[in-house]
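Peer 1: please find the sequence and the predicted model below.
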Amino acid sequence: MKRVRKAIIPAAGLGTRFLPVTKAMPKEMLPIVDKPTIQYIVEEAIDSGIEDIIIVTGKGKRAIEDHFDHNYELEDNLMKKGKFELLEKTKQSSKVTLHYIRQKEPLGLGHAVWCARKFIGEEPFAVLLGDDIVQAEKPCLKQLIDHYEETGGSVIGVQQVPYDQTHRYGIVDPNEQKGNSYSVNQFVEKPEAGTAPSNLAIMGRYVLSPKIFPYLEDQELGAGGEVQLTDAIQRLNETQSVFAYDFEGKRYDVGEKIGFIQTTIEFALENEEIGPDVQAIITKLAEDLKQKQN
Ligand code: UTP
């Protein structure tokens, strides 16, 4: 069985839910405390054993490439000032090689993945969405890769969501369950409210067979008039088993405002440097609010 060595991070979307900030700034570069979202995702890929990452970018996404590049001027400045701790923070891991490809038009997640087909070739590969962070003891992607190595089939990361939220996600119609793993009857992209076959929602982490590419190539437009990755996965599942894996860990949707704010607060509270001060601010705010209500 071939090892999973390569990953795609699609980051070419328009980020309309964050306008106006995303007019000139990629949403994947929005910081959670002091690190851009996409860096958390790259770190998860590295911790899962990925060696090569291709980031799918688009118009206005230059900052992503700059972020992962050397900044000699800054490094020199920090070195001369003896700010070695900060210098370390600006350096990128040498454990992974980053590559870039442009999606000329944001035609959907499925199309973004298809854009990286030549880089992937005939190997199994991972996909990590550029706006989903997962905190877990064992990295989420590593959990999926381990499951792929046990079964040999493509694996889609899922978690349970409240039923009134299912219309926002790709949803799995599960068949047989073994521990955290499900064989799947069907994958449905954004089912209409009240029609979801389960509350197992696709969460932005995938290990896929390269056999997905021919399906993406001729995939008709789906929900939202976009090429949907879920629709191609459904077709793949008709010819070879695709598993849904209910991974351990907390997933943060940083691609929408409330998720972004919640993630920022939780990560700030956990941060060694500022955590206690943030806790004090929140406690004070809660007291003020209580007083106002009385
Ligand atoms: P989203 O649908 O969450 O991102 O796609 P979006 O389209 O940028 O956001 P809104 O809805 O306009 O606010 C999930 C991930 O897939 C990437 C996005 O960059 C994001 O990281 N994506 C989406 C692409 O790379 N290309 C696309 O055509 C669409």
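Peer 2: Everything's here; your move. Numbers count the residues shown, from 1 in each chain.

Peer 1: rest of the way, CA atoms for contacts and neighbours
Peer 2: Fine.

Peer 1: near the ligand, which residues of the stretch 151-294 of the chain?
Peer 2: Taking CA under 6 Å from any ligand atom, the part of the stretch 151-294 of the chain that reaches the ligand is made up of residue 255.

Peer 1: if we use 8 Å, what do you get?
Peer 2: By CA under 8 Å from any ligand atom, the part of the stretch 151-294 of the chain that sits against the ligand consists of 204, 226, 227, 255, 256.

Peer 1: strands along this structure, start to end?
Peer 2: Taking DSSP state E as the criterion, the chain carries its strands at 6-10, 31-32, 35-36, 52-57, 97-102, 125-128, 132-135, 154-160, 170-178, 181-189, 200-208, 242-246, 250-253.

Peer 1: make TSV from those and add mean pLDDT and mean neighbour count to it.
Peer 2: Converted to TSV, the strands of the chain look like this (pLDDT from 0 to 100; neighbours: other CA atoms under 10 Å):
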stretch	mean pLDDT	mean neighbour count
strand 6-10	97	26
strand 31-32	96	18
strand 35-36	94	14
strand 52-57	96	23
strand 97-102	94	16
strand 125-128	98	24
strand 132-135	94	20
strand 154-160	96	24
strand 170-178	94	18
strand 181-189	93	21
strand 200-208	96	25
strand 242-246	97	27
strand 250-253	94	17
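
Peer 1: nearest to residue 280, of those strands?
Peer 2: Distance to residue 280, taken as CA to CA, is lowest for strand 31-32 among those, at 19.1 Å.

Peer 1: correct me, but residue 153 touches residue 239?
Peer 2: No - under the criterion of CA atoms under 8 Å, residue 153 is not in contact with residue 239, lying 11.1 Å apart.

Peer 1: residues in contact with residue 216?
Peer 2: Residues in contact with residue 216, defined by CA atoms under 8 Å, 6 or more residues apart in numbering, are 110, 111, 114, 227, 229, 232.

Peer 1: list the contacts of whichever residue of the stretch 151-294 of the chain sits closest to the ligand.
Peer 2: Here the residue of the stretch 151-294 of the chain nearest the ligand is residue 255; by CA to the nearest ligand atom that distance is 5.6 Å. With contacts defined as CA under 8 Å, 6+ apart, the neighbours of residue 255 are 15, 17, 18, 27, 131, 132.

Peer 1: now do residue 249
Peer 2: When the contact criterion is CA under 8 Å, 6+ apart, the partners of residue 249 are 134, 135, 136, 137, 140.

Peer 1: let me know the closest of those residues to the ligand.
Peer 2: residue 134 (13.9 Å).

Peer 1: could you count how many residues lie near residue 71?
Peer 2: Here the count is done by other CA atoms under 10 Å, and residue 71 has 12 residues near it.

Peer 1: ok, now the one 5 residues further on?
Peer 2: Per other CA under 10 Å, the neighbour tally for residue 76 reads 12.

Peer 1: again, but for residue 221
Peer 2: By the criterion of other CA under 10 Å, residue 221 has 15 neighbours.

Peer 1: for the nearest residue to it once chain neighbours are set aside, what are phi and psi?
Peer 2: When the adjacent residues along the chain are set aside, residue 221 lies closest to residue 227, with 4.8 Å between them (CA to CA, 6 or more residues apart in numbering). Taking degrees, to the nearest 10, you get phi -80, psi 110 for the backbone angles of residue 227.

Peer 1: list the contacts for residue 227?
Peer 2: When contacts are counted by CA under 8 Å, 6+ apart, residue 227 is found next to 107, 108, 109, 110, 111, 216, 219, 220, 221.
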